[in-house]
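> here are the coordinates; sequence isn't available:
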């Protein structure tokens, strides 16, 4: 029932990378907010933008994986 | 305390699922299951017209891609759908007909005889020869300008945007900007102020932000409404507009045009002849920066497309779990997860509209920025809001 392809492995690797990246961003943001709670709003919006950049790279990989699957 | 509570909850829920799966698989053995276009489970008896199809294995990829693709008809419920008009231009002129004629009574693609023989091949309108095969030579002059599902959905979103925004604009005309907002106006005002104060001004600068604010607000609300409509699984929504690469490409092209037309001399200088560098470095950087001009809108295009499409695929694959396991009890796990992902998608819908607008504003800001740290003696520089 489970049929895979190399593209799926690639998408999984991309997800690992993005997970590490977003984890680092979240860690940095929480540390920053803990040190400077008054800057929380600014840090949060910057965190979201940075997370979107990281996420986009992972989604590029998903698109490539979809194309690789012949979809 | 809370940790142990969650643990016991997990144990109980997994135990329940193990129990449900083991009993229900046998009970559902001889029922064919079909998906309607919203991914809602409809169980059918084997005696219906789908009986023959039942034998084929359920193809997840095909089903999901069918749902995120553009279509010539807009599904309502069951076997009812709106047949959208087909508009084709060939070298024999324009032709208009209903997409109903492209389907036979079994909802299979049929040949329509107009100026040419038209048939839907994998959802796309093609000219076919007498044997029903694609006629590649004749297709070169075929322009499919149909009102497809995405186009119709864009009309819906434009209508909603016009109603909402014109009524709040009229409210400002009537009551003035100094009195407290009312009704829809009070809902829209914080969003518009958010785009102005959090997106436009910090990135472009207070002086120039006003000039670009209408453009930024337009792309923000257009993306936002289409993201939200895409999350609605039934009629007024259901089309995957902002997850369509042509739609995001159009937006990205507009950003590209606005950024490059509003670019000042120093922007182009920083691309072709980076100041403050050795000449060999300048030669090295010029092609990289030039590629950067194009990759910025391309990344905007792919980011929005991939985010929205990935969200739709995620929800659809969770719903597809029900049909993979061939038991309605799988929905006990699939539906809560789909709702959870739907909640995240609500956040993503807003976030992607925000990110797209934010990056567009950033690129505009980069293009119109006045640089004053390299050259001296230009006297007229004033410190802008940013930096």
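Nice, thanks for sending it over. What you are looking at is a predicted structure, and each value in this text was computed from that prediction instead of being measured.

> what does the stretch 251-387 of chain B put close to chain A?
By C-beta under 8 Å from any C-beta of the partner chain, the residues of the stretch 251-387 of chain B that approach chain A are B:299, B:302-303, B:305-307, B:309-310, B:324, B:351-352, B:354-355, B:358. In short, each C-beta sits where N, CA and C put it, glycine included.

> switch the cut-off to 6 Å
When proximity is defined as C-beta under 6 Å from any C-beta of the partner chain, the stretch 251-387 of chain B approaches chain A at B:303, B:306-307, B:310, B:355.

> of all these, which two lie farthest apart?
Using C-beta to C-beta, these reach their maximum pairwise distance at B:310 and B:355, which is 14.4 Å.

> which one's more surrounded, the two?
residue B:355 (24 against 20; other C-beta atoms under 10 Å in any protein chain shown).

> for residue B:129, see how far away the more buried one is.
Distance from residue B:355 to residue B:129, counting by C-beta to C-beta, to the nearest Å: 47 Å.

> try residue B:254
Counting by C-beta to C-beta - residue B:254 and residue B:129 are separated by 40 Å.

> returning to that earlier point: tell me the one of the residues of the stretch 251-387 of chain B next to chain A nearest residue B:213?
Nearest to residue B:213 among those is residue B:355, at 17.5 Å by C-beta to C-beta.

> so who does the closest one touch?
Shown in contact with residue B:355 (C-beta atoms under 6 Å, 6 or more residues apart in numbering or on different chains): residue A:52.

> buried by neighbour count: which residues of the helix or strand containing it qualify?
Per DSSP states H and E, residue B:355 falls inside helix B:331-368. For helix B:331-368, the neighbour count (16 or more other C-beta atoms under 10 Å in any protein chain shown) marks B:331-334, B:338, B:341, B:345, B:348-365, B:367-368 as buried.

> skipping adjacent residues, who's closest to the residue of chain B with the smallest separation from chain A in space?
At 3.4 Å from chain A, residue B:306 is the closest residue in chain B, using C-beta to the nearest C-beta. Spatial nearest neighbour of residue B:306, chain neighbours left out: residue A:59 (3.4 Å); criterion: C-beta to C-beta, 6 or more residues apart in numbering or on different chains.

> can you check the pLDDT for the one you found?
We note a pLDDT of 78 for residue A:59 in this prediction.

> let me know how buried it is, in neighbour terms.
By other C-beta under 10 Å, neighbour count at residue A:59 equals 24.

> and it, what does it touch?
Residue A:59 makes contact with B:306-307, B:310, according to C-beta under 6 Å, 6+ apart.

> looking at chain A, which helix or strand does the model trust least?
The helix or strand of chain A with the lowest confidence, counting by mean pLDDT, DSSP states H and E, is helix A:40-68 at a mean of 80.

> tell me the buried residues in that helix?
By neighbour count on 16+ other C-beta under 10 Å, the buried set for helix A:40-68 is A:43, A:47-52, A:54-59, A:61-63, A:65-66.

> can you count the residues close to residue A:16?
Neighbour tally, residue A:16, other C-beta under 10 Å: 10.

> excluding sequence neighbours, find me the nearest residue to residue B:292.
Distances taken as C-beta to C-beta, 6+ apart place residue B:271 nearest to residue B:292, at 7.7 Å, with adjacent residues excluded.

> next one: the helix or strand that the one you found is a member of to chain centre, how far?
Under the criterion of DSSP H and E, residue B:271 resides in helix B:265-272. Relative to its chain's centre, helix B:265-272 lies at 34 Å (C-alpha atoms, centre = their mean, to the nearest Å).

> for the residue lying closest to residue B:129 once chain neighbours are set aside, give me its contacts.
Among residues not flanking residue B:129 along the chain, residue B:135 sits closest, at 4.7 Å (C-beta to C-beta, 6+ apart). By C-beta under 6 Å, 6+ apart, the residues touching residue B:135 are B:127-129.

> any of those residues buried? List them.
The neighbour-count test (16+ other C-beta under 10 Å) applied to the contacts of residue B:135 identifies B:127-128 as buried.

> distance to residue B:280, pLDDT and secondary structure added to the contacts of residue B:135, as TSV?
Formatted as TSV, these follow (distance: C-beta to C-beta, whole Å; pLDDT from 0 to 100; DSSP: H, G, I helix; E, B strand; the rest coil):
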residue	distance to residue B:280	pLDDT	secondary structure
B:127	56	80	strand
B:128	59	79	strand
B:129	60	78	coil
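
> quick one: contacts for the residue nearest the centre of chain B?
In chain B, the residue lying closest to the centroid (C-alpha atoms, centre = their mean) is residue B:242, at 1.7 Å. By C-beta under 6 Å, 6+ apart, residue B:242 lies in contact with B:223, B:226-227, B:230, B:308.

> of those, which belong to helices?
Judged by DSSP state H, helices contain the following of the contacts of residue B:242: B:223, B:226-227, B:230, B:308.

> okay, residue A:20: pLDDT?
Residue A:20 is given a pLDDT of 94.

> residue B:47 now?
pLDDT recorded at residue B:47 is 40.

> now do the one 5 residues further on
Among the per-residue scores, residue B:52 shows a pLDDT of 42.

> ditto for residue B:371
69.

> what's the answer for the one 4 residues further on, then?
We note a pLDDT of 47 for residue B:375 in this prediction.

> what bridges to residue B:103?
Residue B:103 has these beta-bridge partners by DSSP bridges: residue B:109.

> residue numbers of chain A in contact with chain B?
Residues of chain A lying near chain B (C-beta under 6 Å from any C-beta): A:52, A:56, A:59, A:62-63, A:71.

> now, which of those residues sits nearest residue B:318?
Closest approach between those and residue B:318, by C-beta to C-beta: residue A:62, at 15.9 Å.

> wait, the closest one touches residue A:13, no?
No - if you go by C-beta atoms under 6 Å, residue A:62 and residue A:13 don't touch, sitting 11.5 Å apart.

> before we move on, back to that, the residue nearest to the centre of chain B in helix, strand or coil?
Here residue B:242 is coil, with the state taken from DSSP: H, G, I helix; E, B strand; the rest coil.

> quick one, phi/psi of it?
Main-chain torsions, residue B:242, degrees, to the nearest 10: phi -80, psi 0.

> ditto for residue B:80
Dihedral angles (degrees, to the nearest 10) for residue B:80: phi -100, psi 130.

> hey, what's it bridged with?
Beta bridges link residue B:80 to residue B:77, judged by DSSP bridges.

> check it and give its pLDDT.
With respect to pLDDT, residue B:80 scores 78.

> now swap in the one 5 residues further on and tell me
We have a pLDDT of 83 for residue B:85.

> hmm, back to that, off-centre distance for the helix holding residue B:355?
In terms of C-alpha atoms, centre = their mean, the centre of helix B:331-368 is found 10 Å from the chain centre.
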